[in-house]
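S.K.: Task: produce atomic coordinates for the following.
(one chain, ligands or ions: 1)
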Amino acid sequence: MKRLPVDFSRLRTQRSRRNELPLNIKPNLRQAQLSGLPLSDAVVCFSSRQIVDLECFRPQVLIGSVEDLQRTAERASLGIADLSSVDYAVLALSPVGEAPISDKFRVFLWQTFGVPVFELVTGPNGAVLAADCEAHEGWHLQRNASAAIFDGELQILQKGQQPIRTRLTCEIETKPCPCGRDTPRIANVQLRSRANSLNMLAASA
Ligand SMILES: [Zn+2]
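M.R.: Residues are numbered from 1 along each chain as shown. Here you go, the predicted model:
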């Protein structure tokens, strides 16, 4: 099948300077984003219908929501889409307040693409609030965010904004991280179960 050349400059229209990618991802890597607002100027956005354009772009980094990454990884593993170009990383976007990505999903992405998987926690406006540590020591907060534990629940704080509730329990670690980054870490993250929420209510009553 002959493929038409794609004008990727046209696809770069939705630019944003709001986020610096928290990981060491150089702007010259081809980064394809499948969902949400563009993370940086270096990403090119593709909708789920633009699978041929995505293949032609030959992304090295894939960025997307759990749903979009799942769909794309299924297409790749079934041989419907050729995404063998992905050779650097997969970034999974987790909206704050939802469950962190599961180990099963990480393994599925790893088996499909064979590259490290990093989770990025995004706020209501799409900005990255925290991101997986490269040494797998939890999530590092972005520089524009801090964290507090209130009634057992992790809340993410940003200057001049309401605290963001996460429905997560965790530990906040400020000691130096083996990865070399100095931002606080959120470790042992777990979705707060209904049972422990009720226990906390009972304890505070
Ligand atoms: Zn770290």
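S.K.: In a strand, residue 93, correct?
M.R.: Yes - membership of residue 93 in a strand is supported by DSSP: H, G, I helix; E, B strand; the rest coil.
S.K.: And it, how far from residue 43?
M.R.: Remark: distance between residue 93 and residue 43 (CB to CB, to the nearest Å) = 12 Å. For glycine as for every other residue, the C-beta is placed from the backbone atoms N, C-alpha and C.
S.K.: Now do the shared contacts for those two.
M.R.: Common contacts of residue 93 and residue 43 (CB atoms under 8 Å, 6 or more residues apart in numbering): residue 63.
S.K.: neighbour-wise, which of the two wins?
M.R.: Just comparing residue 93 and residue 43: by other CB atoms under 10 Å the higher neighbour count belongs to residue 43, 29 against 23.
S.K.: Return the set of buried residues in stretch 109-124.
M.R.: For stretch 109-124, burial by neighbour count (16 or more other CB atoms under 10 Å) applies to 109, 112-113, 115-123.
S.K.: Just checking it against the ion, any contact.
M.R.: No - contact of stretch 109-124 with the ion is not found when judged by CB under 5 Å from the ion; the minimum separation is 11.3 Å.
S.K.: Show the end-to-end separation of that stretch, please.
M.R.: The first residue of stretch 109-124 is 25 Å away from its last residue (CA to CA, to the nearest Å).
S.K.: What lies in contact with it?
M.R.: Residues from elsewhere that reach stretch 109-124, judged by CB under 8 Å, 6+ apart: 22-23, 36, 39, 62-63, 69, 73, 76-77, 83, 86-96, 100-101, 106, 128-132, 134, 139, 156, 158, 164.
S.K.: what mean pLDDT does it have?
M.R.: Taken as a whole, stretch 109-124 has a mean pLDDT of 94.
S.K.: Distance from the chain centre to that stretch, please.
M.R.: Between the centre of stretch 109-124 and the centre of its chain there are 6 Å (CA atoms, centre = their mean, to the nearest Å).
S.K.: Could you do stretch 143-163 as well?
M.R.: Averaging C-alpha positions (CA atoms, centre = their mean) puts stretch 143-163 18 Å from its chain's average.
S.K.: buried residues in that stretch?
M.R.: For stretch 143-163, burial by neighbour count (16+ other CB under 10 Å) applies to 145-147, 152-156, 158.
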